[in-house]
Each structure stands twice: as C-alpha cells, then as structure tokens.
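>>> Predicted model, plus sequence, below.
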Protein chains: 2
Amino acid sequence: MPEQLTEVVDPAGWTCPAPLRDQPVVVMGHGGGGALSAELIEQVFTPAYGNPVLAGLADSAVLELGGARLAFSTDSHVVRPLFFPGGSLGDLAVNGTVNDLAMSGARPAYLSAAFVLEEGVELTVVERIARAMGAAAGAAGVAIATGDTKVVESGHGDGVYVTTAGVGLVPDGVDIRPQRARPGDVVIVSGPIGLHGVAIMSVREGLEFGAEVASDTAPLADLVAAMLAVTPDVHVLRDPTRGGLAASLNEIARASGTGVRLRERAIPVPDAVANACGFLGLDPLYVANEGRLVAFVPPSAADEVLAAMRAHPRGTGATVIGECVADHPGMVVVATGLGGTRVVDLPLGEQLPRIC
Amino acid sequence: MPEQLTEVVDPAGWTCPAPLRDQPVVVMGHGGGGALSAELIEQVFTPAYGNPVLAGLADSAVLELGGARLAFSTDSHVVRPLFFPGGSLGDLAVNGTVNDLAMSGARPAYLSAAFVLEEGVELTVVERIARAMGAAAGAAGVAIATGDTKVVESGHGDGVYVTTAGVGLVPDGVDIRPQRARPGDVVIVSGPIGLHGVAIMSVREGLEFGAEVASDTAPLADLVAAMLAVTPDVHVLRDPTRGGLAASLNEIARASGTGVRLRERAIPVPDAVANACGFLGLDPLYVANEGRLVAFVPPSAADEVLAAMRAHPRGTGATVIGECVADHPGMVVVATGLGGTRVVDLPLGEQLPRIC
C-alpha cells in the first residue's frame, strides 16, 4: 500500500486507508461490506452497469420473469481458513446465498456453484468443500443446478474460491426491502451475535476465548417462512454478515431515511464473543454473523412475529433490540446501560478480512 | 506438481498428467473443459451435490420456477491478460453467460456479477472491466441486477476475477440439449473458428501471426432467436469455448450416443488461425471460441436455419461442417481432404490455460 495514503481512524476502532476517492488501488476494505464497499458500488459499478435494477442495497434483486417474481443474488466466498469450527467455505457458499434470497422473503430454489481452484490444491479438499455444499443445500431445501470450474496457477488463488448465485420465488404480497423501514418499526434480531466472526478469529489467530466458539452458519429461509406465515407485512430483513449488525442497520437507516435506536443491554452478545471482543478491542456490533437475521416489523405484528421466531429452531434466541425512530434520520444510535447514547457508524471495511 | 505423476500424451498433442483417479491434486487441465473437467464433475461434484438437475453436460440448466421455464447458468472468468484484441475479461464475463443461456434456447434476461479483486489492483482497471460489462450487457439486452465484491491479499488473486450467473426464459416448445442429437442431423457452425484462442495466444506469448487477430467475443442470443423463428425444433446448440469445437462435439456425441462426421475442408479456419496453429503445432478444432455456436438441426429444417443464420450479423459466415451419423456412436471423426478419416477425441484439458 503506497505510504502517502491518508490513514483515518474508523469508528469501529481500526485504521484503514481513506475512501476510494483519495487513493487509486483496491484495499482489503473494499471487500468488507462497509463504506468502502458502498463507494465501490456507487462510484464504479452502478454507473458502469447503468440500469435501474441494481438498486437499493438489498441482499438480493427482485425481478419479474415469465410471470414469476424471482429473487436473484450472488456471493463470492473467499473465507480463510477453508474449514473452521461450525462449518466450512462450502457451508457459507450455500447458506450465504440462501440467506440473501430469504432476506427478500423468497423461498430459495436453485443455486449455481462456480469454483476457482488453485493449481496444486488437494482434490480431497475440493471434495470436502463440495460435500459440505451438497449437505448444506439439502438442509436448505435447494438444488445446486449448474456450475463451472476454473483453475489458476499456484500463487494466483488460495486453494478454493466458490461463487454461488441463487434464484427463489417471492410469495405474493411480500415486499421486503431496506427502503420500507419506518418510524415505529420494532427491530428484532434472531439470536446471539458475533459467533461467526469470533470463530474465524479464533482459528486464524490461534486464540482461544474460553470455550470453543463455533460459527453460526445456517440457512434462514425456513425461519423467514415462519415469520411470513404470521404476516406478509415484514418491512425489512437482513442477515448481518460482513460489518456485522452495525453495517446492516446503517444501510437500512440510510436507505429508508429513518433512525434506528438500539438498547445496548437488549443485544444478545454471548460471553465468549464479549470476551474475545474485549481482548481484541472490537465492538460485537461490527462482528460478522452467518446464521442470524435482523427484522424490521410493524409494531402491531411484532409480538406475534417474535413468538413465531422463538418457536422456530433457528430463532429460539430471538429478541427485540430496539426500534425505528423519526429522530436522527439515517443514523443508528445505541442507548447504553448508563443512560447515555452513542452513534453506531457504518464501518469503512471489515475488521477481519476474508471472513466469508 | 509431484514428479511421480504419470504423464500421458493427449490426443490434441500436448502432455498432461493422467486423469483424476491417478493423482491427488488439482492441475491446470481440471479447468480446461476437457476430459479432466468432466471427471471432476462426474467424480466429485455430481456425487457431492446428489441431485438430478445437474445433469447432462448442457451449458445451462433448464428449470421450472413459478410457472416459468428458466435457464440458469454460471461461469467464472479468469482470463489472462485482462484486456486483449477484441475484448476484455468484462466482455467474456457477460457474453459467456449470455451465450450459455442462449444455448438452451433461452432469451437471457438478468445477470449477477461477483468480483474477486486482488489487493493493490488499480481501481481504474476495475472500472474498465465494469464498463466493458455494462456495455456488453447493453449490447446483449440483459441487465446486471445483483453483485458482490470480495478482496483477497496480494498474491492470492490476479487482479480481477469475475463470476457471472444468469437467468433467462426458455420459449414454449423449445427443448435444446446435447441428448437430442440424432443421426441425420446437420451440423452447422456459425462462423470462422479459433479466433479467441489465437488472439489470447498472440498477446500472451508476444507472437504475431500476420495480421492482428481479434477475439470473436460476442453475444449470440439474437442469432439463436433468429434460428428459432425458423423452427423451434433445433436439437442441440453449443458455444465451443474451452477445448474448442472438438470438446463440444465430443460432449454432444457422448451425451446423445450418436456419431459426428465432419468434412475437414468445410470447417472455416481463417488463415491467421491456420498459420498460428501451424506455427504452434496446434489443431484449430481444439482452439477456443467466444462468439460462435455449433447447431445440430434436423435435415428438413437445415437449409432454412442456415439461411436465417447467414442473414443475421452474427452468423454471416455460417456453414455446414458435417452431420450426425449412426456409425461410431459417441465418436467424432473428420473426413480429411485426402479421403481418409481421423478421430477427433475429447482433449484432456485446454491447450492454453486461463483462456476465459
């Protein structure tokens, strides 16, 4: 990285080169799902593609095709290491796209899987990843329908990269997108946060934080279906992966022009995650999840949706963590246990590169 | 590559480690679209995914979803260099997936685009690729509807890798797949072959073969629509990319259990391609194309389909190169100008790694 780059302190507490406009090369933060990623989309991809579909900052696009309302989404997966407590790159590759589809209310149906393999990687590693994908697809009720494999020379990859795309059907009457958040909406998280990020940190950095922490990677489409069975009028769904809950809530606040107010004591942070974050100087709100969702639900339906979530195996830990407010539009704040409030800003990048 | 690997001579004339079963690591040929790729699919991916949709060896899967018949396909693009005469990785990323969809007769509609960027690559390079994709999408009549960006550390990528997936609508009455080839079918190629491969070789190896050769990268969906307007009963379509016409025809012969007989003198090989192949000791039948298709058409419709192709800007060079026969099922042979015949076998890998 050229030395003349301006370093700025990110609100999440780590340093990162200043945004896109000030520097000419790709930095790790451009893949972090925070402000640098958003700038790349806004300044490079959206103008280049020049179409109205690539809109909002939703996890998946909702399209009309042949009379059907389809959700369509893609994610590349470059997580390191390939295998970690609770899962593997293969699990993330399936669950990541399944969840992106589910976040528009869709019932995921088919996935594609494209591998970029590095020359010299053991075929048993490829096979383990593929088997994890098959098992995850079975668990999520989707079929891997098409694929591709490319190989690059040693030193131009990192074992296995997998890009999945997926299509699913959006039920009639469902219109879930970040722009629909409105003051009064109840903000619900489906369970404890930070487990995926801490699981990756623990194996990558060789750290242990008391008990072994396993990634929460899991498919969420069934949980979403259970919520929509209560009411189709869920306003927003999001799975807070890269950049954690902080990034997801900021994107929703900005897209909808509403404020979000969280109650710090209500946010479910497992002890192991709290310990790890304390040790590393991180904020759990910025740590990645791979099997959680955050929902914005109208107050009239909140109790029933919460009950439906808690009755589902993927939502037993569901809890209300805050609400949408008319104050401070576009901004996320958290009311601390001491009676104060602090701003939770969009991170520049991700605290831990290659988390997914 | 471990030294104890068995080296075998490939029918296309280059050496390559023996297939999957004899060696434990990924080699470049696993990404080459030939026998090694097929073994990876048959021995690793299909058993791992365990579903009936990932079938045949078609360029795209045809699925029912919400009452619509969808084609769904994906390709990762790792071509090197990123820019070459006639196009760029961005053009291939769009046209590659557009063409895979078109080869099932679909009208391509939406693409996804997932980038794996290497830390340190210039943002202007990313922007040039994205703009090429936007322009190619516009030319092909598709919208890039969703995307993702990941960044990997320097030394774990190669500037820009792009994986696209696409969805399109398959018209009623259309059933195009390799299994439908049958004896009597007329084999048509849409124009001169080998241009993409020779264009890449010329820039990568610093060779010149007389006049500059430009890649043929182009979208083929309009050409396919013009063919289907003549008759929906086109049996097979294929764009002969990696592994060239030889790989595509072998896959069709094997999938359908028919034989394919080509007339060598009828195959349109441009002088520059012939010169380059002569110089490098390659067979033009194995050289990659990115804007050509091969069609298997019932004899009753062949003249009309050929006329429709020649009337289309992407098919002015269309010509009959052979036919499907009951003899030598599963095998491709070419009748030489001297009255003999030779077998055209499935290559093990691709002559030139990272061609697309």
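Structure received.
>>> pLDDT score assigned to A:Ser202?
On the pLDDT scale, A:Ser202 is placed at 89.
>>> what sits against it?
For A:Ser202, the contact set (Cβ atoms under 8 Å, 6 or more residues apart in numbering or on different chains) comprises A:Pro85, A:Glu208, A:Phe209, A:Glu212, A:Val213, A:Ala276. Any C-beta I mention is one placed from the backbone N, CA and C, and that applies to glycine too.
>>> Might you report the residue contacts of the fourth one?
With contact set as Cβ under 8 Å, 6+ apart, A:Glu212 has these partners: A:Pro85, A:Ser202.
>>> Which positions in the stretch 251-356 of chain A make contact with chain B?
Within the stretch 251-356 of chain A, the residues that sit near chain B (Cβ under 8 Å from any Cβ of the partner chain) are A:Pro353, A:Arg354.
>>> Show me where the stretch 251-356 of chain A has its helices.
Listed in chain order, the helices of the stretch 251-356 of chain A (DSSP state H, counting those that start in this stretch) span A:271-280, A:299-310.
>>> where does the stretch 51-200 of chain A dip in pLDDT?
Low-confidence segments of the stretch 51-200 of chain A (pLDDT under 70): A:52-58.
>>> same thing but at 80, please
A:51-59 (pLDDT under 80).
>>> show me where it has strands.
A:61-65, A:68-77, A:83-84, A:87-88, A:107-118, A:143-152, A:160-169, A:186-189 (DSSP state E, counting those that start in this stretch).
>>> A:Val236 pairs with what?
A:Phe296 (DSSP bridges).
>>> in terms of contact, does it touch A:Ala295 like I think?
Yes: applying Cβ atoms under 8 Å, one finds A:Val236 in contact with A:Ala295, separated by 6.9 Å.
>>> and the residue of the stretch 251-356 of chain A at minimum distance from chain B, how many neighbours?
Nearest residue of the stretch 251-356 of chain A to chain B: A:Arg354, at 6.6 Å (Cβ to the nearest Cβ). Applying other Cβ atoms under 10 Å in any protein chain shown, we find 22 residues neighbouring A:Arg354.
>>> and if you look at A:Val343?
11.
>>> is it in a bridge, and if so with what?
A:Val333.
>>> hang on, it packs against A:Met331?
Yes: with contact defined as Cβ under 8 Å, A:Val343 and A:Met331 form a contacting pair (6.4 Å).
>>> got TSV for the helices of the stretch 251-356 of chain A, with mean pLDDT and mean neighbour count too?
Formatted as TSV, the helices of the stretch 251-356 of chain A follow (pLDDT from 0 to 100; neighbours: other Cβ atoms under 10 Å in any protein chain shown):
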stretch	mean pLDDT	mean neighbour count
helix A:271-280	92	17
helix A:299-310	98	17
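>>> ends of stretch A:145-160, how far apart?
20 Å (Cα to Cα, to the nearest Å).
>>> Would that stretch count as contacting chain B?
Yes: counting by Cβ under 8 Å from any Cβ, chain B is contacted by stretch A:145-160 at A:145-153, A:155-158.
>>> Mind listing what's buried along that stretch?
A:145-152, A:156-160 (16 or more other Cβ atoms under 10 Å in any protein chain shown).
>>> do the same with stretch A:328-347
A:Met331, A:Val332, A:Val333, A:Val334, A:Ala335, A:Val344, A:Asp345, A:Leu346, A:Pro347.
>>> about what we covered before: make JSON lines out of the helices of the stretch 251-356 of chain A and add distance to A:Ser37.
Listed next are the helices of the stretch 251-356 of chain A as JSON lines, based on distance: least, Cβ to Cβ, whole Å:
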{"stretch": "helix A:271-280", "distance to A:Ser37": "22"}
{"stretch": "helix A:299-310", "distance to A:Ser37": "29"}
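>>> coming back round to it: can you tell me which of the contacts of A:Ser202 lies closest to A:Ser300?
For those, the closest approach to A:Ser300 (Cβ to Cβ) belongs to A:Val213, at 37.1 Å.
>>> helix, strand or coil for the closest one?
coil (DSSP: H, G, I helix; E, B strand; the rest coil).
>>> Now for it: which residues touch it?
Counting by Cβ under 8 Å, 6+ apart, A:Val213 has contacts A:Pro85, A:Leu195, A:Val198, A:Ala199, A:Ser202, A:Pro270, A:Ala272, A:Val273, A:Ala276.
>>> Please, which helix or strand holds the fifth one?
Per DSSP states H and E: A:Ser202 is located in helix A:195-204.
>>> So what angle separates the directions of that helix and helix A:271-280?
Interaxial angle, helix A:195-204 versus helix A:271-280 (axes from the mean of the first three to the mean of the last three Cα atoms, to 10 degrees): 60 degrees.
>>> if we can go back for a sec, between the helices of the stretch 251-356 of chain A, which one is closest to B:Ala139.
Using Cβ to Cβ, the helices of the stretch 251-356 of chain A put helix A:299-310 closest to B:Ala139, at 45.4 Å.
>>> Check which helices and strands the closest one sits against.
The contact analysis (3 or more Cβ pairs under 8 Å, 6 or more residues apart in numbering or on different chains; DSSP states H and E) places helix A:299-310 against strand A:186-189, helix A:221-230, strand A:294-297, strand A:319-325.
>>> what about the closest residue to A:Thr336 other than its chain neighbours, how many neighbours?
With sequence-adjacent residues excluded and distances taken as Cβ to Cβ, 6 or more residues apart in numbering or on different chains, A:Thr336 is closest to A:Glu264, at 5.0 Å. A:Glu264 is flanked by 18 other residues according to other Cβ under 10 Å.
>>> ok, so what distance separates A:Glu264 from A:Asp185?
Look at A:Glu264 and A:Asp185: by Cβ to Cβ, to the nearest Å, they are 19 Å apart.
>>> do the same with A:Val142
29 Å.
>>> again, but for A:Val332
13 Å.
>>> centroid residue for chain A?
A:Thr241 (2.4 Å; Cα atoms, centre = their mean).
>>> And it, what's its pLDDT?
In this prediction A:Thr241 is given a pLDDT of 96.
>>> So it sits against A:Tyr286, correct?
No: contact status for A:Thr241 versus A:Tyr286: not in contact, 11.6 Å apart, counting by Cβ under 8 Å.
>>> follow-up on the earlier one: ok, which pair from the buried residues of stretch A:328-347 is furthest apart?
A:Ala335 and A:Pro347, at 20.4 Å, using Cβ to Cβ across these.
>>> What residues of stretch A:161-171 count as buried?
Quick answer for stretch A:161-171 (16+ other Cβ under 10 Å): A:Tyr161, A:Val162, A:Thr163, A:Thr164, A:Ala165, A:Gly166, A:Val167, A:Gly168, A:Leu169, A:Val170.
>>> got a pLDDT number for A:Gly50?
So, for A:Gly50, pLDDT stands at 85.
>>> typo on my end, it should be A:Arg314
98.
>>> What's the local residue count around it?
21.
>>> which residues sit in contact with the closest residue to it other than its chain neighbours?
Nearest non-adjacent residue to A:Arg314, counting by Cβ to Cβ, 6+ apart: A:Leu223, 4.2 Å away. The contact partners of A:Leu223, by Cβ under 8 Å, 6+ apart, come to A:Ala102, A:Ser190, A:Leu293, A:Met309, A:His312, A:Arg314, A:Gly315.
>>> Could you dump those residues into JSON lines and include distance to A:Tyr110?
Formatted as JSON lines, those follow (distance: Cβ to Cβ, whole Å):
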{"residue": "A:Ala102", "distance to A:Tyr110": "14"}
{"residue": "A:Ser190", "distance to A:Tyr110": "25"}
{"residue": "A:Leu293", "distance to A:Tyr110": "21"}
{"residue": "A:Met309", "distance to A:Tyr110": "26"}
{"residue": "A:His312", "distance to A:Tyr110": "24"}
{"residue": "A:Arg314", "distance to A:Tyr110": "21"}
{"residue": "A:Gly315", "distance to A:Tyr110": "25"}
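>>> Select only the buried ones of the residues you listed in PyMOL?
To isolate the buried members of those in PyMOL, using 16+ other Cβ under 10 Å:
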select buried, chain A and resi 102+190+293+309+312+314+315
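>>> Just give me the closest of the contacts of A:Leu223 to B:Ala48.
Closest to B:Ala48, out of all of the contacts of A:Leu223 and judged by Cβ to Cβ, is A:Ala102, at 23.2 Å.
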